[in-house]
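Chemist: Here is my input; please provide its structure:
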Amino acid sequence: MIRALEESNPFYNATEQISDFVEMLHGKNVYGNYKGCVVVCKKDKSNFKHVKWINVTKDYNTLKTTLEECRGQKDIYININPFKNFKRERDNVHQLKFLYADLDVENYREKRKSYLSIEQTVVAIDYLVKDFKIPQPTMLVHSGRGLHIYWAIGDYVSNATNNIFWEDIQLQLYQVLKIFGADRAIVTDTARVLRVPCTVNSKNGAVCKILEYNSNNIYSLEGIRNKYFKENLDKELQDKKTKIKKSKIIKNNNIINLSKSKTPFTLHKSRLDDLIKLIKMRKGKLEGNRNNILLQISYYYAVTHKRATEEEVIEFVTEINNLFQDKLKEKEVKSIVKNALKYSIQKLTEMENNKVSRNTCLYCVSVSISKPLQAGLNYSNTTLIDLYSITREEMQNLATLIDNEEKLRRQLEKEREARRNSEGLTAREQKKRDTYNSIQELKSNGFTQKYVATSLQLSLSTVKRHWKTVE
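Modeler: Numbers count the residues shown, from 1 in each chain. As a prediction, the model looks like this:
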């Protein structure tokens, strides 16, 4: 069932558009027993202001009425997965009802990373569906400068196990769609808010509108995994198992001992330094990642300075905030720090309980950390590199946020340096110099080339080659 708004009147059939969106988003009869709360937000610059909270469990009809009142307004958003109560936080998500992707198509075109228009991207997505690369969307929405894609997944309780399962599928969808400008930050964000159809994108004045609604497309996480991503996810799981097996395991206490591995403290300190250096290298321009990187910096600073008070963390993060061209307000910085401290306190508690030593690798600690923390701020290097689009040139100036290719380059360079002596010569170069000096010494004493070759056990051609050479 295709829904497209007429160009001559962007709000044509708006009631039907909003009805479809409400049915898709929170239809009780379509997607199981819906429980929880939604919030309608208005974006002001980079901040979201709550327009209205609605407990859909008790007051379902108000949702449609509220969205109709927002018709034609600028930058109106709504959460996709319902909350337990009136708090817009990941920890407060009640149900996982959708997988989703946010494609910033126009931004990708402007950066010359892609040459596809939004219309061409829609066609490309259709081909991906036909090639069984991704499931057919439940709803496809033109967001004004890109596309929002929704896949309904019924009703999953938001808990540690389901969240990880959800994130695994989200990451696979991102990997397929990132060439079209998919947002990496959305992969782990169960509390995401997205634009409401029939509202206006203030960046270009375009109307957000539904392009396609397939109400019968209701999936399960298990079904999507097995049909589309089983091979990839099974391989990732096997790679993790292989990596663990290759590690040296001490049987007595079953601790993996990698003495050269960084401890969590030194690792987080290095990442903290790298993120600050990244901000400086980019001269305070991190489009769409300012809040994320400040949250990460707050977390790493709190973990590596466990005696720091909340005020001291805020003071430090405020200094980093001043490096950005588009700085956050003081109260916004405090909010970010407060959120990061929840994770840092939990992290420090886990480290203390596990008695982290200098010779204990990060894996030993991370296996015992609770799932919510792992899903929160305990990102891998690969994720951080992907999230902040760190380039090959930037990696050369960073200590920890580097990929395997950069690690190999540094290792080879280190090995080359190790092969050189105090004068900077390799063994081969030193041997060549010694040969030359020996030949020149005998030559200066009046010996013939034939005699020199015989006494030094060299070929005559070698002696001739060094006879007139000036080193």
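Chemist: quick one: residue 335 from residue 341, how far?
Modeler: Distance of residue 335 to residue 341, given as CB to CB, to the nearest Å: 11 Å. Where you see a C-beta, it was placed from the backbone N, CA and C, and this is true even at glycine.
Chemist: Could you list the low-confidence segments of the stretch 301-450 of the chain?
Modeler: Residue ranges of the stretch 301-450 of the chain with pLDDT under 70: 344-376.
Chemist: tell me the helices in it, going along the chain?
Modeler: Secondary structure of the stretch 301-450 of the chain, counting by DSSP state H, counting those that start in this stretch: helices at 310-321, 330-353, 362-366, 371-376, 381-387, 392-395, 404-418, 427-444, 449-456.
Chemist: same deal with the stretch 51-200 of the chain?
Modeler: According to DSSP H, counting those that start in this stretch, the helices that the stretch 51-200 of the chain contains are 61-69, 105-110, 118-130, 160-177.
Chemist: Surely residue 52 is in contact with residue 39?
Modeler: Yes. Between residue 52 and residue 39 there is a contact under CB atoms under 8 Å: 7.3 Å.
Chemist: Of the two, give the one with the bigger neighbour count.
Modeler: residue 39 (20 against 16; other CB atoms under 10 Å).
Chemist: neighbour count winner among residue 335 and residue 341?
Modeler: Under the criterion of other CB under 10 Å, the comparison of residue 335 against residue 341 puts residue 341 first, with 18 against 15.
Chemist: correct me, but the more buried one touches residue 309?
Modeler: No. Residue 341 is beyond contact range of residue 309, at 10.2 Å (criterion: CB under 8 Å).
Chemist: And the strands in the stretch 151-300 of the chain, which stretches?
Modeler: Secondary structure of the stretch 151-300 of the chain (DSSP state E, counting those that start in this stretch): strands at 193-195, 200-201, 206-207, 209-213, 249-250, 255-256.
Chemist: now those in JSON lines, with distance to residue 88, mean pLDDT and mean neighbour count?
Modeler: Shown next, in JSON lines, are the strands of the stretch 151-300 of the chain (distance: least, CB to CB, whole Å; pLDDT from 0 to 100; neighbours: other CB atoms under 10 Å):
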{"stretch": "strand 193-195", "distance to residue 88": "7", "mean pLDDT": "95", "mean neighbour count": "19"}
{"stretch": "strand 200-201", "distance to residue 88": "21", "mean pLDDT": "94", "mean neighbour count": "20"}
{"stretch": "strand 206-207", "distance to residue 88": "25", "mean pLDDT": "93", "mean neighbour count": "18"}
{"stretch": "strand 209-213", "distance to residue 88": "24", "mean pLDDT": "93", "mean neighbour count": "21"}
{"stretch": "strand 249-250", "distance to residue 88": "43", "mean pLDDT": "42", "mean neighbour count": "11"}
{"stretch": "strand 255-256", "distance to residue 88": "39", "mean pLDDT": "38", "mean neighbour count": "16"}
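Chemist: Dump these to TSV, plus distance to residue 242.
Modeler: As requested, those are exported to TSV (distance: least, CB to CB, whole Å):
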stretch	distance to residue 242
strand 193-195	38
strand 200-201	46
strand 206-207	48
strand 209-213	41
strand 249-250	13
strand 255-256	14
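Chemist: Compare these and give me the one nearest residue 27.
Modeler: Residue 27 sits nearest to strand 209-213 of all the strands of the stretch 151-300 of the chain, at 11.4 Å, using CB to CB.
Chemist: Run through the neighbouring helices and strands of the closest one.
Modeler: Applying 3 or more CB pairs under 8 Å, 6 or more residues apart in numbering; DSSP states H and E, one finds that strand 209-213 contacts helix 14-26, strand 139-142.
Chemist: mean pLDDT for those: which is lowest?
Modeler: Mean pLDDT across the helices and strands packed on strand 209-213 is lowest at helix 14-26; the value there is a mean of 85.
Chemist: list the helices and strands that helix packs on?
Modeler: In terms of contacts (3+ CB pairs under 8 Å, 6+ apart), helix 14-26 is packed against helix 61-69, strand 139-142, strand 209-213.
Chemist: Return the set of buried residues in the first one.
Modeler: Neighbour-count burial for helix 61-69, with 16 or more other CB atoms under 10 Å as criterion, is recorded at 63, 64, 66, 67.
Chemist: Now for the residue nearest to residue 183 when sequence neighbours are not counted: which residues touch it?
Modeler: Nearest in space to residue 183, with sequence neighbours left out and distances taken as CB to CB, 6 or more residues apart in numbering, is residue 102 at 4.3 Å. Residues in contact with residue 102, defined by CB atoms under 8 Å, 6 or more residues apart in numbering, are 143, 146, 147, 148, 182, 183, 186, 192, 194.
Chemist: Nearest to residue 466 among those?
Modeler: residue 182 (62.2 Å).
Chemist: In contact with that closest one, which residues?
Modeler: 101, 102, 103, 104, 173, 174.
Chemist: Mind putting the helices of the stretch 301-450 of the chain into CSV with distance to residue 97?
Modeler: Formatted as CSV, the helices of the stretch 301-450 of the chain follow (distance: least, CB to CB, whole Å):
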stretch, distance to residue 97
helix 310-321, 34
helix 330-353, 24
helix 362-366, 29
helix 371-376, 18
helix 381-387, 25
helix 392-395, 38
helix 404-418, 37
helix 427-444, 66
helix 449-456, 83
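Chemist: Looking at the ones you listed, which is nearest to residue 26?
Modeler: Across the helices of the stretch 301-450 of the chain (criterion: CB to CB), the nearest stretch is helix 371-376, sitting at 24.2 Å.
Chemist: Just give the nearest non-adjacent residue to the residue nearest in space to the middle of the chain, would you?
Modeler: Taking CA atoms, centre = their mean, the centroid of the chain lies closest to residue 387, which sits 3.2 Å from it. Closest residue to residue 387 apart from its sequence neighbours, by CB to CB, 6+ apart: residue 184 at 4.9 Å.
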